[in-house]
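Colleague: Sequence first, then the predicted structure:
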Amino acid sequence: MRIARFLLGRLVALIVTLLLSSFAIFGALYLAPGTPLSFLTRGRSMSPEEIAPLKAQYHLDEPFLLQYWHWLVGALHGDFGTSIVFKQNVLTLLGGHAGNTLALVSYAAVLILAVGLAVGTASGLHPGKADTSLMLGATAAMAVPAFVAAVVLITLFAVNVGWFPVFGPGQGLRDRLWHLTLPAIALALSAVAYVARLSRASIRRELGSEHMQTATSRGLPYRIVVRRHVMRNAMIPIITVAGLTVGGLIGGAVVVEQAFQLNGLGSYLVEAVGAKDFPVVQAICLIFVAAFIVINTVVDLVYSLLDPRVTVGKPAP
Amino acid sequence: MTQLIPIEAVPGSTPPADAPAKLRRRRLLSGLGLGGWVALAILGLMVVTATIGPLLVSADPNSISLAKAFVVPSPGHPLGFDGQGRDLLARLVYGARPAILGPLFVVVVSTISGVALAIAAAWLGGRFDAIASRFIDAMFAFPGLLLAILAVSLFGSGLVAAGIALSIAYTPYVARIVRSAALRERSLPYVSALTVQGFRGVTIAIRHLLPNLSGLIVACATLSFGYALIDLAALSFIGLGVQPPNPDWGVMVASGMPGILQGFPQESLYASACVVLTVGAVNYLGDRFTARAEARS
């Protein structure tokens, strides 16, 4: 019962946040200089026959809130309107790009979880020279933005030694993985370093705790102490932060797709901003923000359900 | 932008909370260690370059001369030339201006608005706090870079709209961290003591609460600077920030990419190095400040 109420509360919060952000994305049309119509058509000579469907698409003759309502209902049905530049349904246009972005972000997320956790755990459990230098490397890597990582990786591995292709998303599963390897590393690098540092610190904290001493003094083998008493506790903050960094990949994907010409949603967003194709900009922003909000909510839920100390239904003290 | 989570505490780097004012004032730069001073020196060098650097460089950062494309360094041109024959050192120095001053603007605006919102929420409590907290949560929904891109699509490319958008996007991060610290601070006896003495709430908040939170605020602002630098440079890199041919580090990383394929990666790599050095120095200092602020509370 309590869990049901808790889940319901989170669901309501999720919906409210989604509504607020969608409202902001729609309302942006009115923040722009000039009237909404002149903003949508700016820099183009359009005949009245072309302007009429645009007015109809945004219901510009109706009150503001009703316009938002029509837009939102359309978006929920997958109807993001018609691209001003290509005169095509926005969703159809996006369909060809979404796969690349999804593949890139998933690849990077796997790297963050696998490599970040592995490095952090190894460093945390085995103090010494290797640990110190790994953490020094991680601290340095945290200062490397995705676009710098992209440029350095292209210089080293695509141009100098030629192990990887420079640009493009590739075709077929193996070819795509091969094409996406450098972009995924560029996207994941600073988050991998962050997760590694955090896991190490978290494991060290648990290793020094009293319950760990108790378990050892009870004569439990080191392996079991680590698995049952150290890792289980250390994992809780790590999973939270790792989840949040995965949400943060969405902004980085725009940059990495542009650097490697991956033709995903992010590079299409940049293209649409340049071409002043506002329906497309709105649609991609809405998709990105919705994905970001949903990921954050899921991470929050997992955290609350994973940590028995967090009393479900009560805010943390 | 990631949250401000102290990764490890630095023991013994802070004087006790009741240290006299003179000691506390010196605290900002005390106990930085060798790394801290190196970071501070790098940062100082970058700030000096951004402010007076252009006066010291004689070459024109925008004069194109295809005959000099990718020409190697020579006396007077210590870094050589880019693919269009422009002096690389001059472009790096002029590019420091938007790269350093842009994030500075973002940090100042977001810190002031975030701290004001946080202290008002913590101090007034009740309904104002509830509304402010909801508002802060809702603003978390927008990744900073995405809000900046949306702003650029509304107001045109350049750093002004993007800078304002990023300031708005960073406000909730500052506000959330400072609000919880301010709530903790508010419940301490010295605040009640001042209230009993009849001081006004505003006076206590500004004269007593704010100075006690300053360590945390400085840590927060320092880390935000690094994130803002990355976001603004990324925006220029994808072509929506500073517009070429104007020099900026992000622009240079992007405009050097054709050169990489021809075997001349200097332009991209030098500009990348400037970004990484600055962000690394800022992050190092920010970590130090965070650990110290955490150790104090």
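Modeller: Happy to help now that I have it.
Colleague: how about stretch A:292-299: buried residues?
Modeller: Judged by neighbour count (16 or more other C-beta atoms under 10 Å in any protein chain shown), stretch A:292-299 contains these buried residues: A:F292, A:I293, A:I295, A:N296, A:T297, A:V299. Quick note: C-beta positions are derived from backbone N, CA and C, even for glycine.
Colleague: Select from these every entry located in helices.
Modeller: A:F292, A:I293, A:I295, A:N296, A:T297, A:V299 (DSSP state H).
Colleague: could I get these as CSV with pLDDT and distance to chain B?
Modeller: Putting those into CSV (pLDDT from 0 to 100; distance: C-beta to the nearest C-beta, whole Å) gives the following:
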residue, pLDDT, distance to chain B
A:F292, 88, 6
A:I293, 88, 5
A:I295, 86, 11
A:N296, 84, 8
A:T297, 86, 10
A:V299, 83, 12
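Colleague: I'd like the residues you listed written out as JSON lines, with distance to A:I224 added.
Modeller: Shown next, in JSON lines, are those (distance: C-beta to C-beta, whole Å):
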{"residue": "A:F292", "distance to A:I224": "39"}
{"residue": "A:I293", "distance to A:I224": "40"}
{"residue": "A:I295", "distance to A:I224": "34"}
{"residue": "A:N296", "distance to A:I224": "34"}
{"residue": "A:T297", "distance to A:I224": "35"}
{"residue": "A:V299", "distance to A:I224": "29"}
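Colleague: Residue of the stretch 151-297 of chain B closest to chain A, please.
Modeller: B:G280 (3.6 Å; C-beta to the nearest C-beta).
Colleague: Apart from its neighbours in sequence, what residue is nearest that residue?
Modeller: Nearest residue to B:G280 in three dimensions, chain neighbours excluded: A:A143, at 3.6 Å (C-beta to C-beta, 6 or more residues apart in numbering or on different chains).
Colleague: name the element the closest residue to B:S272 other than its chain neighbours belongs to?
Modeller: Leaving aside its sequence neighbours, B:S272 sits nearest to A:V148 (C-beta to C-beta, 6+ apart; 4.2 Å). Element membership for A:V148 (DSSP states H and E) is helix A:146-153.
Colleague: Tell me who's in contact with the residue in the stretch 151-300 of chain A positioned nearest to chain B.
Modeller: Nearest residue of the stretch 151-300 of chain A to chain B (C-beta to the nearest C-beta) works out as A:G251 at 3.8 Å. A:G251 sits next to B:P143, B:G144, B:L145, B:L146, B:D231 when contact means C-beta atoms under 8 Å, 6 or more residues apart in numbering or on different chains.
Colleague: among those, which are within reach of chain A?
Modeller: Among those, the ones lying near chain A by C-beta under 8 Å from any C-beta of the partner chain are B:P143, B:G144, B:L145, B:L146, B:D231.
Colleague: Mind checking which of those residues are in strands?
Modeller: Using DSSP state E, the subset of these located in strands is empty.
Colleague: where along chain B do the helices fall?
Modeller: Ranges of helices in chain B, per DSSP H, are B:21-26, B:33-56, B:88-124, B:126-139, B:144-155, B:159-186, B:189-196, B:201-203, B:210-237, B:249-255, B:257-261, B:266-296.
Colleague: For the residue nearest to B:S272, give me the pLDDT.
Modeller: For A:V148, the pLDDT comes out at 93.
Colleague: Verify the stated contact: it with B:V275.
Modeller: Yes. With contacts counted by C-beta atoms under 8 Å, A:V148 reaches B:V275, the gap being 5.8 Å.
Colleague: Tabulate the contacts of A:G251 in a markdown table, adding columns for neighbour count and pLDDT.
Modeller: Output for these, formatted as a markdown table (neighbours: other C-beta atoms under 10 Å in any protein chain shown; pLDDT from 0 to 100):
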| residue | neighbour count | pLDDT |
| --- | --- | --- |
| B:P143 | 23 | 85 |
| B:G144 | 28 | 86 |
| B:L145 | 30 | 88 |
| B:L146 | 23 | 89 |
| B:D231 | 30 | 92 |
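Colleague: Now the residue of the stretch 151-300 of chain A closest to chain B: which helix or strand?
Modeller: Secondary structure assigned from DSSP H and E places A:G251 in helix A:232-260.
Colleague: who's in contact with B:M252?
Modeller: For B:M252, the contact set (C-beta under 8 Å, 6+ apart) comprises B:D82, B:R91, B:L92, B:G95, B:E267, B:S268, B:Y270, B:A271.
Colleague: whoops, B:G256 was the one
Modeller: Contacts of B:G256 by C-beta under 8 Å, 6+ apart are A:V151, B:D82, B:G83, B:P265, B:Q266, B:E267, B:S268, B:L269, B:A271.
Colleague: Least confident of the residues you listed?
Modeller: B:G83 (75).
Colleague: How about that residue, nearest residue that isn't a chain neighbour?
Modeller: That would be B:G259: by C-beta to C-beta, 6+ apart, it lies 4.7 Å from B:G83.
Colleague: wait, isn't that neighbour in contact with B:L269?
Modeller: No. The criterion here is C-beta under 8 Å, and B:G259 misses it with B:L269 at 9.7 Å.
Colleague: buried residues in the longest helix anywhere in chain A?
Modeller: Ranked by residue count under DSSP H, the longest helix found in chain A is helix A:173-207. Using 16+ other C-beta under 10 Å as the test for burial, helix A:173-207 gives A:176, A:179-207.
Colleague: and the closest residue to B:L88 other than its chain neighbours, what does it touch?
Modeller: Distances taken as C-beta to C-beta, 6+ apart place B:L79 nearest to B:L88, at 4.0 Å, with adjacent residues excluded. With contact set as C-beta under 8 Å, 6+ apart, B:L79 has these partners: B:P73, B:D87, B:L88, B:L89, B:L92, B:Q266, B:Y270.
Colleague: ok, now B:P247?
Modeller: Contact partners of B:P247, counting by C-beta under 8 Å, 6+ apart, are B:P61, B:N62, B:A90, B:R91, B:L92, B:Y94, B:G95.
Colleague: Could you measure from the fifth one over to chain A?
Modeller: Note on B:L92: its distance to chain A, by C-beta to the nearest C-beta, to the nearest Å, is 14 Å.
Colleague: Get me the contact residues on the stretch 51-200 of chain B for chain A.
Modeller: Counting by C-beta under 8 Å from any C-beta, the stretch 51-200 of chain B sits next to chain A at B:137-138, B:140-146, B:149-150, B:152-155.
Colleague: which among those end up buried?
Modeller: Counted by 16+ other C-beta under 10 Å, those give B:138, B:140-146, B:149-150, B:152-155 as buried.
Colleague: where exactly do the helices run in chain A?
Modeller: Applying DSSP H to chain A gives helices spanning A:2-31, A:36-41, A:48-57, A:64-76, A:90-111, A:117-125, A:129-141, A:146-153, A:173-207, A:210-217, A:222-224, A:232-260, A:265-274, A:278-306.
Colleague: Quick check: the residue of the stretch 51-200 of chain A nearest chain B.
Modeller: Of all residues in the stretch 51-200 of chain A, A:A143 sits closest to chain B, at 3.6 Å by C-beta to the nearest C-beta.
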